[in-house]
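Colleague: Got a sequence here, can you model it:
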Amino acid sequence: MSGASKNVERMARLRPAVIARLYLGMIFCVAAGGKLIQPVDFTGPMSGFLSHVALRQGYVWYAPFVQNVVLPHARVFSILILVAESAIALGMLFGLATRAAAVVAIFVLFNYASAKGAPFWSPGSNDSADIVLCLVVLLGDGGRTWGIDASLHKRFPRVPFW
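Modeller: Below you'll find the model as predicted:
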């Protein structure tokens with residue numbers, strides 16, 4: 001098999017991971033962007049959501065964490081959420097440390113799903129579907145196609161982030 005046909009085959013095999021990566025990048029970009037351009041601090045809306053949704057509808061085992069850890073430190077968690085969503089968006093959109101971005105995204109999405117209390121297999125749970133897409137990105141080489149990870153992998157082939 002020639003080098004050109006190997007490249008074509010590799011590109012065809014990696015496209016689903018790239019599509020998932022770019023989709024997740026846009027989703028997190030919209031989520032972080034909405035928080036950045038709001039005229040109000042994100043702490044209030046987040047606390048309201050947690051008080052009215054997570055404590056009432058979220059998983060029973062998740063409520064004590066929300067009540068005892070997140071709500072008393074709402075300002076810190078609102079900043080952490082904004083930083084995490086922004087980092088995930090940039091990592092996914094530019095294909096930079098894509099696997100690390102996927103791991104962080106899984107953690108964030110798992111917390112969102114836990115706060116909402118929807119079953120993982122629920123058709124209305126976009127968080128669960130996004131976790132599956134994160135797994136596709138994590139296990140695939142999505143950052144090495146149309147991403148900065150391709151250059152980083154050539155320079156540092158043993159680093160697992162790309």
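
Colleague: Could I get the full set of helices for the chain?
Modeller: 3-37, 43-49, 55-57, 63-65, 74-94, 98-116, 126-139, 149-155 (DSSP state H).

Colleague: Could you single out the most deeply buried of those?
Modeller: helix 98-116 (a mean of 22; mean count of other CB atoms under 10 Å). Just so you know, the C-beta spots here come from the backbone N, C-alpha and C atoms, and that holds for glycine as well.

Colleague: what's that helix packed up against?
Modeller: Judged by 3 or more CB pairs under 8 Å, 6 or more residues apart in numbering; DSSP states H and E, helix 98-116 is in contact with helix 3-37, helix 74-94, helix 126-139.

Colleague: what about 6 Å?
Modeller: If you count contacts as 3 or more CB pairs under 6 Å, 6 or more residues apart in numbering; DSSP states H and E, helix 98-116 packs onto helix 74-94, helix 126-139.

Colleague: Next, the angle helix 126-139 makes with that helix.
Modeller: Angle, helix 98-116 to helix 126-139, by axes from the mean of the first three to the mean of the last three CA atoms, to 10 degrees: 160 degrees.

Colleague: In PDB, list the C-alpha atoms belonging to helix 98-116.
Modeller: What follows is helix 98-116, C-alpha atoms only, in PDB (Å, rounded to 0.1, in the frame of the first residue of the first chain):
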ATOM      1  CA  THR A  98      -7.600  16.700  22.900                       C
ATOM      2  CA  ARG A  99      -7.500  13.700  25.100                       C
ATOM      3  CA  ALA A 100      -7.000  15.800  28.300                       C
ATOM      4  CA  ALA A 101      -9.900  18.000  27.100                       C
ATOM      5  CA  ALA A 102     -12.100  14.900  26.600                       C
ATOM      6  CA  VAL A 103     -11.300  13.700  30.200                       C
ATOM      7  CA  VAL A 104     -12.200  17.100  31.700                       C
ATOM      8  CA  ALA A 105     -15.300  17.200  29.500                       C
ATOM      9  CA  ILE A 106     -16.400  13.700  30.800                       C
ATOM     10  CA  PHE A 107     -16.000  14.900  34.400                       C
ATOM     11  CA  VAL A 108     -18.000  18.100  33.700                       C
ATOM     12  CA  LEU A 109     -20.700  16.400  31.800                       C
ATOM     13  CA  PHE A 110     -21.000  13.700  34.500                       C
ATOM     14  CA  ASN A 111     -21.600  16.400  37.100                       C
ATOM     15  CA  TYR A 112     -24.200  18.100  34.900                       C
ATOM     16  CA  ALA A 113     -26.000  14.800  34.400                       C
ATOM     17  CA  SER A 114     -25.900  14.000  38.100                       C
ATOM     18  CA  ALA A 115     -27.300  17.400  39.000                       C
ATOM     19  CA  LYS A 116     -30.200  16.900  36.500                       C
END
